[in-house]
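J.: What would the 3D arrangement of this be:
(chains A, B, C, D, E, F, G, H, I, J, K and L)
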Protein chains: 12
Amino acid sequence: MQDHIYKVIQLVGSSEVSTDDAIKTAIARASKTLKHLRWFEVVETRGHIENERLTHFQVTLKVGFSLEER
Amino acid sequence: MQDHIYKVIQLVGSSEVSTDDAIKTAIARASKTLKHLRWFEVVETRGHIENERLTHFQVTLKVGFSLEER
Amino acid sequence: MQDHIYKVIQLVGSSEVSTDDAIKTAIARASKTLKHLRWFEVVETRGHIENERLTHFQVTLKVGFSLEER
Amino acid sequence: MQDHIYKVIQLVGSSEVSTDDAIKTAIARASKTLKHLRWFEVVETRGHIENERLTHFQVTLKVGFSLEER
Amino acid sequence: MQDHIYKVIQLVGSSEVSTDDAIKTAIARASKTLKHLRWFEVVETRGHIENERLTHFQVTLKVGFSLEER
Amino acid sequence: MQDHIYKVIQLVGSSEVSTDDAIKTAIARASKTLKHLRWFEVVETRGHIENERLTHFQVTLKVGFSLEER
Amino acid sequence: MQDHIYKVIQLVGSSEVSTDDAIKTAIARASKTLKHLRWFEVVETRGHIENERLTHFQVTLKVGFSLEER
Amino acid sequence: MQDHIYKVIQLVGSSEVSTDDAIKTAIARASKTLKHLRWFEVVETRGHIENERLTHFQVTLKVGFSLEER
Amino acid sequence: MQDHIYKVIQLVGSSEVSTDDAIKTAIARASKTLKHLRWFEVVETRGHIENERLTHFQVTLKVGFSLEER
Amino acid sequence: MQDHIYKVIQLVGSSEVSTDDAIKTAIARASKTLKHLRWFEVVETRGHIENERLTHFQVTLKVGFSLEER
Amino acid sequence: MQDHIYKVIQLVGSSEVSTDDAIKTAIARASKTLKHLRWFEVVETRGHIENERLTHFQVTLKVGFSLEER
Amino acid sequence: MQDHIYKVIQLVGSSEVSTDDAIKTAIARASKTLKHLRWFEVVETRGHIENERLTHFQVTLKVGFSLEER
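T.: Numbering: from 1, shown residues only, chains lettered A, B, ... in the order given. Okay, here's the model as predicted:
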């Protein structure tokens, strides 16, 4: 893994179901346009409330991907 | 949404089930006495352990609500 | 000023005009229901964008007020 | 202690005597209007100086209280 | 707004006029190449000084935009 | 609970299932060699991605345990 | 600009007008006794409130200056 | 002191008397099982409240000790 | 207090007696060479340990003083 | 340098040799696809260990580049 | 790497030569008593000065190791 | 070392060679006008890039010195 270079981008995923699902949603979306995704890190967990009910979770992630083969 | 004013309070919700459930518990309690809840942000996730088992999750939230109609 | 006690609350003010105006808007609103406001501290400066234009600034403040005469 | 909900408020206590006394002063004041206080956490320790002498300590606390029986 | 995905990028805008203008300058530039900008958050406010005068403000922003229709 | 002393260690648990499960995995492992575990606090939530899919969550915890009876 | 050495000091400027003016006030004052000021960075933005009105902004700055020709 | 190696552990001491006493309590306990303690650093100061009175202070410390002669 | 300018310096005071005494020691020393000291803020609390006993507390302070009459 | 706009991206460089070399590796890679790189800032320094030996350093950087001529 | 558990400890290494060497010194010492070391992260870089010369660098690390085979 | 008082100043050193050399450059410069330097702590590591090459490292330090004999 020596001399590898990674780029880290920041994404916000959301889900009506759970915080874990919001993470998966963001990674699924990132994998459509980026290859070699390697890891993520949760930066912030938020959510929206309407009519006194939690409507969706919103998780901000840092996602790292390898620049190797680009 | 211009010129809106929000107040932000801090709550700790707990749950034997999950971190997501601890969040929902806190919001349900807040909605009993406050109206116009708009968003939350997770500040801290903790929990208690008894007899070597996790007994409940405890999540500290900032919750924002609109002061509009008060 | 010895033995004084203050309470600190968190507010979010917004303004279409400027960040300074968003601060003043929040303080004006707080002074409707609270007396003896003494100081504020900016916690976060954000804003919303619509149709590629900044529509309003949104400033989160801590506001301290004296509990003396309550 | 499962499914308990707490609210966390921020107070500033001051004392001419000591930082510990400033903490106690804030808690004594809070207990006049709030019940079920459970814990505190020191956020910031400051103080004022006049005529080259420390005149009083000023300690900012987060104070948590149970919303159970309210 | 459920299941939306946002990307967050970091920009530095500068202005000889004001901090608010530095923010607007950065957003105007971002909107040339990106669509669906939704919000910004101020990360850092700096500036340069020459000949003992402030020559320009420099504001670092996080800017979030929707990946919906891309 | 007066005059109690606790030690705080840092652990990283992982799980293919959920962030909550990663927490439980770490606590179960800690309880094999340590007694009197009392609380935990989430320090960081990360995860690994392979072939564009989230393979496992990885949660860093601080875990506190009592030194009483050792 | 290689091998240059800078010193960084911390100043608090205040203004009845605006946060930007509080910054300029601090830099104007610093330039009376220091030469080769190069940059500033905002550390904290606060303000005082009297009779329910914002009386002045107070901005804490780090200011860097070159030690070259001293 | 060159090429020395230290280990840093985290402890929580408590005391009914004062924050300083909570620090001393933690160090006294640590010195029972560890040698060559060199320094400490306060990480967090908290406390418990019962029946509207502060019952004990709780101070979290990092404590460093030399691995030299082990 | 409008348009006042303050300078903030950082000092470390120590004391064999208490953390509060370490703060007072630092302020007493600062007042020998600086006038118009106005406030302090605790940045860090540390201490040294020798022969398994706490030998002295060491408190790092930011101290603000007015540049008015200089 | 007035009214310039910069974009800031985050990269992770690695090297078997040194932390400084990991920084240079990341900048060399960035300069293949980006022009007008202006500055970097170290965000985090980590590394991997195998068979009880440090195998490579891994440095996370923020890298700023001018959007001027794009 | 699923369901692995790691423990993270904190060490301070020092060296008269370089910051990188201080890191290696700490890892070499840790590997004498711990197996399965996996990664490190720099927490703080400090150093001592005597007779106006830097005498040694001192780097605080978090070091993670697998609890697998213990 | 009891009852000693230290002052802490902030310096930025730069070097074309290495981060360690930037630290040494800043300390060498400080020792020209200050005596009794005791320790330093790295606050930030940055650098400049020109023509796609790293031209110099820039390290911000806190430097502590004893006020004993002044």
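
J.: Pull up the gap between the spatially most distant residue from the centre of chain A and residue B:8, please.
T.: Computed with CA atoms, centre = their mean, the residue of chain A farthest from its C-alpha average is residue A:51, at 27.3 Å. Between residue A:51 and residue B:8 the distance is 20 Å, computed by CB to CB, to the nearest Å. C-beta coordinates here come from the backbone N, C-alpha and C atoms, glycine included.

J.: cool, and residue A:35?
T.: Applying CB to CB to residue A:35 and residue B:8 gives a distance of 40 Å.

J.: okay, those two: which has more neighbours?
T.: The neighbour count for residue A:35 versus residue B:8, taken as other CB atoms under 10 Å in any protein chain shown, is higher for residue B:8 (21 against 12).

J.: Secondary structure of that one: a helix, I assume?
T.: No. Under DSSP: H, G, I helix; E, B strand; the rest coil, residue B:8 falls outside any helix and is assigned strand.

J.: Give the bridge partners for it, please.
T.: residue B:64, residue C:10 (DSSP bridges).

J.: Would you check that it makes contact with residue C:8?
T.: No. Between residue B:8 and residue C:8 there is no contact under CB atoms under 8 Å: 11.4 Å.

J.: Could you list which residues are in contact with the nearest residue to residue A:12 once chain neighbours are set aside?
T.: Using CB to CB, 6 or more residues apart in numbering or on different chains and skipping the chain neighbours, the partner closest in space to residue A:12 is residue E:6 (4.0 Å). Contact partners of residue E:6, counting by CB atoms under 8 Å, 6 or more residues apart in numbering or on different chains, are A:11, A:12, E:38, E:64, E:65, E:66, E:67.

J.: Which pLDDT does the model give residue E:6?
T.: At residue E:6, the predicted lDDT confidence score is 96.

J.: now it: how far from residue J:63?
T.: Distance from residue E:6 to residue J:63, counting by CB to CB: 22 Å.

J.: With just CA atoms, put stretch A:4-15 into CSV.
T.: Extracted as CSV, the C-alpha positions of stretch A:4-15 are listed here (Å, rounded to 0.1, in the frame of the first residue of the first chain):
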residue,chain,number,x,y,z
HIS,A,4,-0.6,5.2,-2.8
ILE,A,5,-2.5,8.5,-3.2
TYR,A,6,-6.1,9.0,-2.1
LYS,A,7,-8.5,11.8,-2.6
VAL,A,8,-11.1,12.5,0.1
ILE,A,9,-14.5,14.1,-0.8
GLN,A,10,-17.4,15.1,1.4
LEU,A,11,-20.9,13.8,0.8
VAL,A,12,-24.3,14.1,2.6
GLY,A,13,-26.5,11.1,2.4
SER,A,14,-30.1,11.0,3.8
SER,A,15,-32.6,8.3,4.6
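
J.: near chain B, which residues of chain A?
T.: Residues of chain A found near chain B (CB under 8 Å from any CB of the partner chain) are A:18, A:19, A:44, A:45, A:46, A:47, A:48, A:49, A:52, A:53, A:54, A:57.

J.: Would you mind giving those as CSV with distance to residue B:30 and pLDDT added?
T.: Converted to CSV, the residues of chain A next to chain B look like this (distance: CB to CB, whole Å; pLDDT from 0 to 100):
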residue, distance to residue B:30, pLDDT
A:18, 20, 98
A:19, 19, 98
A:44, 20, 98
A:45, 17, 98
A:46, 15, 98
A:47, 13, 98
A:48, 14, 97
A:49, 9, 97
A:52, 8, 91
A:53, 11, 94
A:54, 11, 96
A:57, 17, 98
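
J.: ok, so of these, who is nearest chain I?
T.: Of all the residues of chain A next to chain B, residue A:44 has the smallest distance to chain I: 26.2 Å, by CB to the nearest CB.

J.: just the strands in chain A please.
T.: With strands called from DSSP state E, chain A shows them at A:5-15, A:37-50, A:53-66.

J.: Tell me if stretch A:19-27 is near chain E.
T.: Yes. Contact of stretch A:19-27 with chain E (CB under 8 Å from any CB) involves A:25, A:26.

J.: Give me the residues contacting that stretch.
T.: With contact meaning CB under 8 Å, 6+ apart, stretch A:19-27 is reached by A:11-15, A:37, A:40, A:42, A:45, A:56-59, A:61, A:63, B:19-20, E:3, E:5, F:18-19, F:47, F:49, F:52-54, F:57.

J.: Quick check: buried residues in it?
T.: Using 16 or more other CB atoms under 10 Å in any protein chain shown as the test for burial, stretch A:19-27 gives A:19, A:20, A:21, A:22, A:23, A:24, A:25, A:26, A:27.

J.: How many residues are close by residue A:32?
T.: 10.

J.: what about it, distance to chain E?
T.: 9 Å (CB to the nearest CB, to the nearest Å).

J.: ok, that residue to chain B distance?
T.: 26 Å.

J.: Quick check, pLDDT for that residue.
T.: 93.

J.: so what's residue A:38 up against?
T.: A:6, A:64, A:65, A:66, F:48, F:49.

J.: ok, stretch A:52-63 near chain E or not?
T.: Yes. For stretch A:52-63, a contact with chain E is found by CB under 8 Å from any CB, at A:55, A:56, A:60.

J.: Is it correct that the last one is in contact with residue A:9?
T.: No. Shown here, residue A:60 and residue A:9 do not form a contact pair, counting by CB under 8 Å, at 11.3 Å.

J.: Those two: who's more crowded?
T.: Relative neighbour count places residue A:60 above the other of residue A:60 and residue A:9, with 21 against 17, counting by other CB under 10 Å.

J.: Bridge partners for that one, pull those for me.
T.: residue A:12, residue A:44.

J.: Identify the residues contacting it.
T.: Residue A:60 makes contacts with A:10, A:11, A:12, A:42, A:43, A:44, A:45, A:46, E:8, as judged by CB under 8 Å, 6+ apart.

J.: And residue A:67, by the same measure?
T.: Counted by CB under 8 Å, 6+ apart, residue A:67 has contacts A:5, A:6, A:7, A:36, J:29.

J.: So which residues on chain A come close to chain F?
T.: So chain A meets chain F at A:19-20, A:23-24, A:27, A:31, A:35, A:37-42, A:63 (CB under 8 Å from any CB).

J.: Just flag the most distant two among those residues.
T.: Spanning the widest gap among the residues of chain A next to chain F are A:19 and A:35, at 25.9 Å by CB to CB.

J.: pretty sure residue A:37 contacts residue A:62?
T.: No. Here residue A:37 does not reach residue A:62: they are 11.5 Å apart, not a contact under CB under 8 Å.

J.: Those two - which one has more neighbours?
T.: Between residue A:37 and residue A:62, counting by other CB under 10 Å, residue A:37 is the more crowded of the two (22 against 17).

J.: quick one on the thing from earlier: can you say which of the contacts of residue A:38 are buried?
T.: The neighbour-count test (16+ other CB under 10 Å) marks A:6, A:64, A:65, A:66, F:48, F:49 as buried among these.

J.: how about the residue of chain A at minimum distance from chain L, what does it touch?
T.: Proximity of chain A to chain L (CB to the nearest CB) peaks at residue A:5, 14.9 Å away. Applying CB under 8 Å, 6+ apart to residue A:5 gives the contacts A:66, A:67, A:68, J:11, J:12, J:13, J:14, J:25, J:26, J:29.
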